[in-house]
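> make a model of this:
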Amino acid sequence: MTTPTQTTAATVASATKPPSASLYVGDISPEVTEGMLFELFNGVGPVSSIRVCRDTLTRRSLGYAYVNFHSVVDAERALDTLNNHVIQGRPCRIMWSQRDPSIRKTGVGNIFIKNLDPLIGHKELYDTFSAFGNILSCKVAMDERGQSKGYGFVHFENQACADKAVETVNDNMLLSKKVYVGPFIPRKVRSQQLEKSWTNVFIKDLDPATDSEALKTLFAEFGEITSAVVMTKDDGPSLGFGFVNFAEHDDAVKSVDAMHEKVVGTKPIFCCRAQKKAERETRLRKEWEQQKISKYQGINLYIKNIEDEVDEERLKKEFSSYGTIKSCKIMVDDNGNSKGFGFVCFSAPEESQRAITEMNNRILTGCSKPLYVALHEPKMVRRQKLTMNAIKGIRGNVPQGAPATMYGPTGQPVYYPSGNMSQGFVYPQQLMASMSRWNQYPMHAAPAYSANVMQPRGGGQAGSTGRGGRGGANSRARGGRRNNQQGQMVDQQQGQQPLNVQPVELTLQQLATWPEDQQKLLLGERLYPLIADRQPQLAGKITGMFLDSGWPIDELFSLITDETKLTEKIDDAISVLDRAAQNAADGGEAPIEGDV
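Numbers count the residues shown, from 1 in each chain. Now for the predicted structure:
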């Protein structure tokens with residue numbers, strides 16, 4: 001029978017043998033891309049793939065990445081030579097990728113170090129503790145400016161190494177400071193322990209005449225007091241608050257229960273457990289957020305697409321006919337320019353609902369954009385909804401200027417080292433289902449190159465490649481039948497016209513009434529024939545690039561009405577494809593199998 005101790009030991013021991021040639025690269029700058037990491041790590045050995053982890057909604061870097069090598073030997077060499085290498089002004093932290101979270105959560109072999117000298121970074125901490133055993137991970141906590149917070153963590157491969165490090169280094173000098181070294185305790189466990197062990201009591205609203213001795217006498221009946229102090233100004237007067245520290249936790253609890261809101265002198269005093277500033281701020285912030293939600297729930301409206309000509313006075317006038325307005329605010333930047341959105345708060349939920357019904361999608365006099373009006377939702381609620389939509393396959397709004405996604409037919413990440421429309425590694429599985437609408441004709445796309453793209457077998461073409469990438473006559477025949485069937489299905493869909501909207505009647509106001517994914521479909525149906533007139537072979541690909549570019553809906557709509565602008569965008573797309581093809585030819589990289 002296996003004991004829990006044996007199971008834990010086996011779990012941690014397995015961590016010393018990495019199951020794959022995969023490295024975790026942490027503490028990287030948000031500006032670091034897959035291309036930068038590829039150039040750095042590919043110099044050590046052939047890289048299989050690289051992925052910078054990004055936020056699902058904003059696509060901003062989360063500050064860490066995974067680098068996969070073909071060989072464990074190359075991965076180990078990269079770990080030894082590139083750990084703490086400076087990338088974009090920050091030293092990166094490299095360790096073996098541990099997919100099993102239980103290795104981290106058990107806490108076995110993990111120690112905590114505090115009171116570190118500001119000059120001690122990841123490398124210095126690693127060098128100090130590597131003498132006690134093999135280190136799985138080592139980190140010094142940093143703030144937003146990259147400065148040390150004075151504490152860090154070291155995770156050893158087993159508990160014996162950790163115990164030896166604690167025994168040897170605890171209460172010893174590292175550079176100019178004496179450090180504390182002890183077993184790592186998770187935050188949740190620390191919070192539970194603190195609730196059952198605190199002894200320090202905070203008292204405020206004290207009478208100005210109350211001094212430290214009087215405060216100690218006041219609380220002496222509840223148990224042994226180790227210290228009592230009333231905080232004062234430099235010149236002597238009391239600040240009106242103080243602290244009493246008991247020898248036992250139960251005595252401190254009894255004092256709070258008995259003395260809270262008890263009248264001492266001329267007014268009731270406030271008593272509670274003494275808390276650190278960060279803990280108080282977190283608690284107060286949560287309470288304030290909850291108060292705001294309950295106070296403005298159902299009456300506060302969010303309005304966007306507010307044009308620059310509309311000021312707060314006019315916005316209030318437009319909404320005043322639906323009820324009593326408590327407040328009206330248009331958000332502005334540091335220069336006083338409108339950000340295009342604002343808030344209107346009514347006095348009753350019925351008034352706000354009436355305003356939503358009447359004002360949503362309405363175009364104000366002298367304006368060109370329809371207003372978007374809805375109940376305001378807290379940031380956390382909005383983020384949860386957007387995350388759920390992203391999980392379901394509905395893309396969230398991508399900030400303008402974010403790199404567009406380009407796709408290949410295989411499951412490998414495609415890397416485009418140059419070009420202004422698509423950069424980095426992307427995954428073909430992310431292709432929206434609607435993209436098939438624009439690929440109804442065969443197209444000859446420019447080849448790109450990847451860190452690991454397999455050569456086609458049997459000379460088969462990508463458009464006719466069978467299952468598993470094997471080419472041949474049978475696979476080409478099957479591929480041809482599938483392409484014919486797909487073309488017939490597309491023709492049937494176009495003939496049915498399920499959206500039933502005539503292209504000539506589409507306006508920006510009508511477009512705003514549809515969900516975002518339907519808006520892109522409507523725009524795509526009108527963009528495709530316009531692009532096909534100029535580039536019949538690449539029309540489907542370029543249409544898909546435009547729809548997945550992250551441009552706002554009004555920007556895409558302008559391509560339908562502005563021929564000059566459409567021509568410029570088509571030329572830009574073609575130049576990106578040409579550069580990708582030229583780079584592939586110059587670098588000798590294997591071309592992607594088939595069309596994008």
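> so, low pLDDT: which residues of the chain?
1-19, 100-105, 390-505, 517, 580-596 (pLDDT under 70).
> can you do 50?
Across the chain, the ranges flagged by pLDDT under 50 are 1-18, 394-504, 587-596.
> hang on, Cys271 packs against Ser255?
Yes: Cys271 is in contact with Ser255 according to CB atoms under 8 Å; the separation is 6.9 Å. Heads up, the C-betas are built off the backbone N, CA and C, glycines and all.
> common neighbours of these two, please.
Residues within reach of Cys271 and of Ser255 at once, by CB atoms under 8 Å, 6 or more residues apart in numbering, are Val201.
> in stretch 529-540, which residues are buried?
Along stretch 529-540, the positions that meet the burial threshold by neighbour count (16 or more other CB atoms under 10 Å) are Leu530, Ile531, Ala532, Gln535, Leu538, Ala539, Gly540.
> got a list of contacts for stretch 114-121?
Residues lying outside stretch 114-121 but in contact with it, judged by CB under 8 Å, 6+ apart, are 84, 91, 125, 128, 140, 147-148, 150-152, 174-180.
> please save the CA atoms from that stretch in CSV.
Taking Å, rounded to 0.1, in the frame of the first residue of the first chain, the C-alpha atoms of stretch 114-121 are listed here in CSV:
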residue,chain,number,x,y,z
LYS,A,114,12.5,37.8,2.9
ASN,A,115,14.4,40.9,3.9
LEU,A,116,16.6,40.5,0.7
ASP,A,117,19.0,43.3,-0.3
PRO,A,118,17.7,45.3,-3.3
LEU,A,119,20.8,44.2,-5.3
ILE,A,120,19.9,40.5,-5.1
GLY,A,121,18.1,39.3,-8.2
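> helices along the stretch 451-596 of the chain, start to end?
Chain-ordered helices for the stretch 451-596 of the chain, with DSSP state H, counting those that start in this stretch as the definition, fall at 473-496, 508-511, 516-534, 539-547, 553-561, 563-587.
> now the residue lying closest to Ser558 once chain neighbours are set aside: how far from Leu559?
Here the nearest residue to Ser558 in space, its sequence neighbours aside, is Lys565; by CB to CB, 6 or more residues apart in numbering that works out to 6.1 Å. Lys565 sits 6 Å away from Leu559 when distances are taken as CB to CB, to the nearest Å.
> out of the buried residues of stretch 529-540, flag the one nearest to Ile553.
Taking CB to CB as the measure, Ile553 sits nearest to Leu530 out of the buried residues of stretch 529-540, at 16.7 Å.
> now that closest one, nearest residue through space, not along the chain?
Excluding the flanking residues, the one nearest Leu530 by CB to CB, 6+ apart is Leu566, at 6.3 Å.
> for the one you found, grab the count of nearby residues.
Burial of Leu566, expressed as a neighbour count using other CB atoms under 10 Å, amounts to 18.
> thinking again about what came up before, so which of the contacts of stretch 114-121 sit within strands?
Secondary structure assignment by DSSP state E places Pro91, Val140, Ser148, Gly150, Tyr151, Gly152, Leu174, Lys177, Lys178, Tyr180 of the contacts of stretch 114-121 in strands.
> buried members of these into ChimeraX, please.
Those of those that count as buried under 16+ other CB under 10 Å are selected in ChimeraX with:
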select :91,140,148,150,152,174
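> closest to Ala214 out of the ones in strands among the contacts of stretch 114-121?
Proximity of the ones in strands among the contacts of stretch 114-121 to Ala214 (CB to CB) peaks at Tyr180, which lies at 35.5 Å.
> can you give me phi and psi for the spatially closest residue to that closest one that is not a sequence neighbour?
Using CB to CB, 6+ apart and skipping the chain neighbours, the partner closest in space to Tyr180 is Lys114 (5.0 Å). Summarising the backbone geometry of Lys114 under the convention degrees, to the nearest 10, its torsions are phi -130, psi 170.
> mind checking how far Lys114 is from Ile120?
In this structure, Lys114 lies at 11 Å from Ile120, with CB to CB as the measure.
> more neighbours, Lys565 and Leu559?
Using other CB under 10 Å, the more surrounded residue of Lys565 and Leu559 is Leu559, with 21 against 13.
> isn't the more buried one up against Glu568?
No: under the contact definition of CB under 8 Å, Leu559 does not touch Glu568, with a separation of 9.6 Å.
> from the ones in strands among the contacts of stretch 114-121, which two are the most distant?
Using CB to CB, these reach their maximum pairwise distance at Pro91 and Lys178, which is 25.3 Å.
> returning to what we had before: can you pull the contacts of the residue nearest to Leu530?
Each residue near Leu566 by CB under 8 Å, 6+ apart is listed here: Leu530, Ile531, Leu559, Ile560.
> which pair in the residues you listed spans the largest distance?
Put simply, by CB to CB the two of the contacts of Leu566 set farthest apart are Ile531 and Ile560, 10.6 Å from each other.
> returning to that earlier point: who's more crowded, Lys114 and Ile120?
Each of Lys114 and Ile120 has its neighbours counted (other CB under 10 Å); Ile120 has more, 21 against 14.
> quick check: phi and psi on the more buried one?
When quoted as degrees, to the nearest 10, the phi and psi of Ile120 stand at phi -90, psi 120.
> that one and Ser176: what is the separation?
Distance of Ile120 to Ser176, given as CB to CB: 10 Å.
> mind putting the buried residues of stretch 529-540 into JSON lines with distance to Val381?
Conversion of the buried residues of stretch 529-540 to JSON lines gives the following (distance: CB to CB, whole Å):
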{"residue": "Leu530", "distance to Val381": "40"}
{"residue": "Ile531", "distance to Val381": "39"}
{"residue": "Ala532", "distance to Val381": "43"}
{"residue": "Gln535", "distance to Val381": "44"}
{"residue": "Leu538", "distance to Val381": "42"}
{"residue": "Ala539", "distance to Val381": "41"}
{"residue": "Gly540", "distance to Val381": "38"}
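> fine by me, thanks again.
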